[in-house]
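Undergrad: Return a 3D structure for these sequence lines:
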Amino acid sequence: MILRMELRQSDGWGKYLEYLGWKTENLEGCAVRIRGLGSFGSIVKIQRPEKLPLQEIENLVKKHRALFVRIEPSNESQAEDLASSGYKTDSWPLNPTRTIFIDLKKSNNELLESFSKDTRQSIKKATQLKLSPIVYNPTSKDFEHSLGIFYDLFKQTGLEKKFWIPSLNELKAKARAFKNSCYLILTFRIYEKLQPKTNLLPLSGAFLLLHDGVGYYHHAASLHLGQLVKAPYLTLWESLKTANAQGCKRMDLEGIFDSRFPSMFKKWIGFSTFKLKWGGEVFEYPPPFTKIYNPVVKLLFKFS
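TA: Numbers count the residues shown, from 1 in each chain. Have a look, this model is predicted:
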């Protein structure tokens, strides 16, 4: 499979990381993210690069007095280069190591037919129950209000499933960084007898980022009631149609359970079952690699 420039190599991701205190130095085909630690030096991370110029990376590491550098390779060839250059495999990935790609180079009808029978029936049931997905992006006048609604769903999902979730300000920072390449999908239950603006009950949502012809199903949330009435199915279906309409050729579902890292991804089993119903291609990345330059940090890693 030929991969395009990954989301975490993009300029938009670099702008988001600036909000978190990181800066970027760009090598050819490789965005290097650096977090300064004052007099202690820095830490360096590189995520899914197109190319891996190891000597240039080594020069940057020395320039910024890095304590260690962590690299998440895009393919096995990069992993082999890292293993032969003093890097050691790491058991703590920063990003999903196993994901699903859905081919969007199809009409919506062809795409629908590629889903499992259960998925098609769930989409139909959600529609019959008068659930309605609404699409927003930062040009929408009510985007920020809608992002707050999504965050409430996201926070509740995190509490129920015991997931860590980022802050609302971090979501806002991502939306600002990606501008018109950010989309928000909210699925509501419509109550016709209530007045406008009070007749919508939010049940499910998704936060999408688009980059280099790929849609990223970056964050998703749903209430327990939403799951009972199949709202997440309608949300993801609308997400796929939105990415397709914006010219994306593929949707990355941004992670499923990976048995190579069971303790880290054990909470992902439930939603991984959901994602596997959509007829996509499972793709597995190599594990992350770390190289330690500071002897004190090396001891900490050794005994951790």
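Undergrad: can you give me the helices for the stretch 101-250 of the chain?
TA: Along the stretch 101-250 of the chain, the stretches classed as helices by DSSP state H, counting those that start in this stretch are 108-113, 117-128, 143-161, 168-178, 224-228, 231-245.
Undergrad: can I get the CA coordinates of the first one in CSV?
TA: I take that to be helix 108-113. The C-alpha coordinates for helix 108-113 follow below in CSV (Å, rounded to 0.1, in the frame of the first residue of the first chain):
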residue,chain,number,x,y,z
ASN,A,108,-22.1,6.4,-2.0
ASN,A,109,-24.4,3.5,-3.1
GLU,A,110,-21.3,1.4,-3.8
LEU,A,111,-19.8,2.3,-0.5
LEU,A,112,-23.0,1.5,1.3
GLU,A,113,-23.1,-2.0,-0.3
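Undergrad: Can you tell me what sits against that helix?
TA: Ile102, Leu104, Arg120, Ile123, Trp237, Leu240, Lys241, Asn244 (Cβ atoms under 8 Å, 6 or more residues apart in numbering). Just so you know, the C-beta spots here come from the backbone N, C-alpha and C atoms, and that holds for glycine as well.
Undergrad: which of those residues lies closest to Gly29?
TA: Proximity of these to Gly29 (Cβ to Cβ) peaks at Leu104, which lies at 24.7 Å.
Undergrad: Name the nearest residue to the closest one, sequence neighbours excluded.
TA: Asn244 (4.7 Å; Cβ to Cβ, 6 or more residues apart in numbering).
Undergrad: Could you look over the helices of the stretch 101-250 of the chain and pick the most buried one?
TA: helix 231-245 (a mean of 23; mean count of other Cβ atoms under 10 Å).
Undergrad: Which neighbouring elements make contact with that helix?
TA: helix 108-113, helix 117-128, strand 131-136, strand 182-190, strand 200-211, strand 214-222, strand 250-252 (3 or more Cβ pairs under 8 Å, 6 or more residues apart in numbering; DSSP states H and E).
Undergrad: Select, out of those, the one closest to Met264.
TA: Per Cβ to Cβ, nearest to Met264 of these: strand 214-222, 18.1 Å.
Undergrad: Quick one: work out the angle between that closest one and helix 231-245.
TA: 160 degrees (axes from the mean of the first three to the mean of the last three Cα atoms, to 10 degrees).
Undergrad: so what does strand 214-222 touch, helix or strand wise?
TA: If contacts are counted by 3+ Cβ pairs under 8 Å, 6+ apart, strand 214-222 sits against helix 143-161, strand 200-211, helix 231-245, strand 250-252.
Undergrad: residues in contact with the closest residue in space to Tyr285 that isn't next to it in sequence?
TA: Once flanking residues are discounted, Tyr285 sits nearest to Thr97: 4.9 Å by Cβ to Cβ, 6+ apart. By Cβ under 8 Å, 6+ apart, the contact set of Thr97 is Asp258, Arg260, Phe261, Glu284, Tyr285, Pro286, Pro287, Pro288.
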